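Peer 1: Coordinates only, no sequence provided:
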């Protein structure tokens, strides 16, 4: 291979790694299996072993998603694990670190969740964090977590385990436990991250849904000699029958003093190792490539001959983006291997056999599936240049109404509004009347009234400014970044900033700055129209608003501390007794004649039930 070709291949591999890193760590939305990712890493190591991206230490930080979470410094680092995909390599590693054939190892399942630690002295529950040295205090999430702890003689001051979501529980709640964009989580681990990272109040129906699983509950001791005799294939198949989400095994030296003496890298300890499960795969033929419209890009989807993988029919597969199709020289008619990764749509793994068709050519030109405009290749994606494309409008509006709080307006109705009524903007959705809706196919009087009532309800409620900005779907500017921006600059200041000034905002590079600037020039009137339609809570000034003081009385199914902690999380101040300073008294019976109720009425304090209090917090 020429030097020029080698450089091009290195650049291609680096671009893929950056994309998959961003999707996994920043977006909590994995787009490739661990095995597929590691294969790309190994390819780059061969071609460019000193490439700086190989030093990337991926770790998930909830602090990146929720800046209200406190940091915790670990007495002992909670590092990641080095890994093999072949059990024979695992045995070789065990032999290499054993002092003799009787060296004892702990063998444990590798759970697919978020590593956690209980500090028995402080009662704190924390995560490993970015580097394994500083984690995140998630004690405020205790109502969401049940505990499966080791019940033997136990003198540990710190308990290490994994916070997971059992597979049956995930299937049961995934249609209710949604991302901020209204979409379902694809795998249990992503749902765990979402529940732990969110600042928003999570419904009490999810209490104890998550599980903290103590690693010691599942630990089995084997000598180095015994490890050679284990039927790992059978062992792994038995593990996969569990309801726990698993992605491998962990082997660790039992002698802690010897373990410590081996030291560590910046990524992992040298005294333990993991065996990752390979994802189930199937061999099939690529029949076609279809395109799906997104908010900003067009995604290629492979149509394949049906192949059954672990009892599941598979007729579609993902190519991630169009560059992936071109770089892998994928053509219709090729025999390919695809792999499943949890609940994610199967992904391309490799070409098994190229089509023998003499006219086999790389697919390189497409038209938009919705408006038939010639697509633009904007590496690494395809993009429809038509700003009035109905496919893009439907996707954007579907996301916008969720961010603005209109929960009853689903993709099917949005599609009808766009195609039948010509609706194209969020402003037009908010201005819909009964007469507009009743003409839609499939709509009757009741459904039309319910939809208009839902829109009116949202229009008459308070809304955060970041929800409005995020609802306009500026590429790369979601809810999280909108919050961050508007905490420093209000909407009006943002609209008057130059591109250079925008690039100085933390998290805004030149690309995003240009997109924000162009949006403000083009859509400022629409933004202000919606802004002026609501009672807006402005992030920059929210801390200047007088604290709301709350007091609780009467029995409830949850302990008082739960409500106190919930209040603090939402910026309210808890006061033990009713005084002139109390704004809200929460009670189980608003008609009670208790002294607290009488005093609250005397001072003109608002008196509400616990159910109304939850609704109040949801609308903050």
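Peer 2: Right, received. Where do you want to start? Just so it is clear, the model here is predicted, and its values are computed rather than measured. Residues are numbered from 1 along each chain as shown.
Peer 1: Which helix in the protein has the most residues?
Peer 2: helix 510-531 (DSSP state H).
Peer 1: Tell me the first helix or strand C-terminal of it.
Peer 2: strand 535-537 (DSSP states H and E).
Peer 1: Paired strands for the very next helix or strand once past that next one, with orientation please.
Peer 2: Later in the chain than strand 535-537, the nearest helix or strand by DSSP H and E is strand 549-552. When pairing is defined by DSSP bridges, strand 549-552 lines up against strand 573-574 (parallel), strand 584-587 (parallel).
Peer 1: Check the ones you listed for me and report the most buried one.
Peer 2: Each of these was scored by mean neighbour count; the highest is strand 584-587, a mean of 23, by mean count of other C-beta atoms under 10 Å. C-beta: built from backbone N, CA, C; applies to glycine.
Peer 1: Against which helices or strands is the next helix or strand after that one packed?
Peer 2: Going down the chain from strand 584-587, the next helix or strand is helix 595-602, by DSSP H and E. If you count contacts as 3 or more C-beta pairs under 8 Å, 6 or more residues apart in numbering; DSSP states H and E, helix 595-602 packs onto strand 584-587, strand 606-609.
Peer 1: And the ones you listed: which comes nearest residue 417?
Peer 2: Closest approach to residue 417 among those is made by strand 606-609 (36.2 Å; C-beta to C-beta).
Peer 1: rewinding a little: least reliable of the helices and strands packed on helix 595-602 going by mean pLDDT?
Peer 2: With a mean of 87, strand 606-609 has the lowest mean pLDDT of those.
Peer 1: Please identify which helix or strand holds the closest residue to residue 44 other than its chain neighbours.
Peer 2: Distances taken as C-beta to C-beta, 6 or more residues apart in numbering put residue 13 closest to residue 44, at 4.4 Å, once the chain neighbours are dropped. In this assignment (DSSP H and E), residue 13 forms part of helix 3-21.
Peer 1: which other residues reach that helix?
Peer 2: Outside of helix 3-21, the residues within contact range by C-beta atoms under 8 Å, 6 or more residues apart in numbering are 1, 30-32, 37, 40-41, 43-44, 47-48, 51, 53, 56, 58, 320-321, 323-324, 327, 380.
Peer 1: Likewise for stretch 458-469?
Peer 2: Here stretch 458-469 has contacts from 403-406, 430, 477, 479, 482-483, 485-486, 490-491, 527, 530-531, 533-539, 619-620, using C-beta under 8 Å, 6+ apart.
Peer 1: Could you rerun that using 7 Å?
Peer 2: 403-406, 430, 477, 479, 482-483, 486, 491, 530-531, 533-539, 619 (C-beta atoms under 7 Å, 6 or more residues apart in numbering).
Peer 1: re the thing from before, let's have the helices and strands packed on helix 595-602 in TSV, adding distance to residue 454.
Peer 2: Shown next, in TSV, are the helices and strands packed on helix 595-602 (distance: least, C-beta to C-beta, whole Å):
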stretch	distance to residue 454
strand 584-587	27
strand 606-609	23
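Peer 1: right, so of those strands, which gets closest to residue 447?
Peer 2: So among those, strand 606-609 is nearest, using C-beta to C-beta, at 30.5 Å.
Peer 1: next helix or strand past the closest one?
Peer 2: Criterion used, DSSP H and E; the element after strand 606-609 is helix 610-618.
Peer 1: Alright, I will stop here.
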